[in-house]
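**Student:** got a predicted structure here, sequence first:
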Amino acid sequence: MSDDGIASPPTRRPTKSPDPDTRLTDDELWDESVRPVGPPPPSGHEYSQNGIAVGSHLIDVHDHLRLELTHLLEVIRRVQEGEVSAGEARGTLSELTMRQHDWRIGAYCASYCRVVTTHHGIEDAAIFPHLRKSDPQLAPVVDRLQQEHEVIHGILDQVDQHLVAHKNDDGDFDDLARAVSLLSDALISHLAYEEQQLVEPLARFGFYPGQV
């Protein structure tokens, strides 16, 4: 177990919650200082290659969400500041893997929000119950992660409301940009915490029974 209380197998990539000066908004979504910490792994536990791959897969999925979020924020910023036209931004968005067959910025935002919602839905419905059963001491961490999911889903609702109000790409992006910035603050912090607490248990227990 590391000095910061994070249980991890030897190959876990280090992650941490972002420093305050990396935040895009001043909103206080939750108190990171009271986040529960999971139990240490069993002494001398040997991780299988498959188990290590399972733990790493969570980071891979999160890395994709982070990358796409960075692209989304950048495109909105460039349109807001007049660096590119909405039409040029559409060309940039065409390169992003999460977009569907709709070239509007609003449609890409909606697509990204659906992906985040789906990811959290899978965790809440399947992965978290499995981890609770595998190690009841993880319950406080899982409870906290689910609470943060609820906060993030509330922000996703805000983004959705601004998308409804945003009729075309030449409109006012301020409300939409702020909502996406708030989503970024919440999601980046949440993903880091989830990795810190779950990569090691996933390497032992897998995403579902019998996986590792």
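**Tutor:** Yes, it's here. Numbering: from 1, shown residues only.

**Student:** the residue most distant from the middle of the protein, which is it?
**Tutor:** Distance to the chain centre peaks in the chain at residue 44, reaching 31.0 Å (criterion: C-alpha atoms, centre = their mean).

**Student:** tell me the secondary structure at it.
**Tutor:** Assigned state for residue 44: coil (three-state reduction, DSSP: H, G, I helix; E, B strand; the rest coil).

**Student:** any idea which helix or strand of the protein has the worst average confidence?
**Tutor:** helix 86-93 (a mean of 54; mean pLDDT, DSSP states H and E).

**Student:** Provide the backbone phi and psi angles at the residue farthest from the centre of the chain.
**Tutor:** phi 80, psi 10 (degrees, to the nearest 10).

**Student:** now for it: which residues touch it?
**Tutor:** By C-beta atoms under 8 Å, 6 or more residues apart in numbering, the contact set of residue 44 is empty. Where you see a C-beta, it was placed from the backbone N, CA and C, and this is true even at glycine.

**Student:** what about residue 184, how many residues nearby?
**Tutor:** Neighbours of residue 184 under the rule other C-beta atoms under 10 Å: 21.

**Student:** still on that earlier bit, quickly note the distance from the residue farthest from the centre of the chain to residue 158.
**Tutor:** As judged by C-beta to C-beta, to the nearest Å, residue 44 and residue 158 stand 47 Å apart.

**Student:** how about residue 72?
**Tutor:** According to C-beta to C-beta, residue 72 and residue 158 sit 15 Å apart.

**Student:** which residues of this protein fall in helices?
**Tutor:** In the chain, the segments counted as helices under DSSP state H are 49-80, 86-93, 105-122, 128-134, 139-165, 174-205.

**Student:** tell me the most buried of those helices?
**Tutor:** Neighbour counts (mean count of other C-beta atoms under 10 Å) averaged over each of those peak at helix 174-205, with a mean of 21.

**Student:** run the angle between that helix and helix 139-165 for me.
**Tutor:** 150 degrees (axes from the mean of the first three to the mean of the last three C-alpha atoms, to 10 degrees).

**Student:** average pLDDT for helix 174-205?
**Tutor:** Mean pLDDT, computed over helix 174-205, is 90.

**Student:** who are the packing partners of that helix?
**Tutor:** Applying 3 or more C-beta pairs under 8 Å, 6 or more residues apart in numbering; DSSP states H and E, one finds that helix 174-205 contacts helix 49-80, helix 105-122, helix 128-134, helix 139-165.

**Student:** looking at those, spot the one closest to residue 27.
**Tutor:** Taking C-beta to C-beta, helix 139-165 is the member of those nearest to residue 27, at 9.3 Å.

**Student:** for the closest one, which helices and strands make contact with it?
**Tutor:** In terms of contacts (3+ C-beta pairs under 8 Å, 6+ apart), helix 139-165 is packed against helix 105-122, helix 128-134, helix 174-205.

**Student:** residue 76 is nearest to which of these?
**Tutor:** Checking the helices and strands packed on helix 139-165 against residue 76 by C-beta to C-beta gives helix 174-205 as the closest, at 4.9 Å.

**Student:** and the closest one with helix 49-80, angle?
**Tutor:** Going by the same axes, to 10 degrees, helix 174-205 is angled at 170 degrees with respect to helix 49-80.
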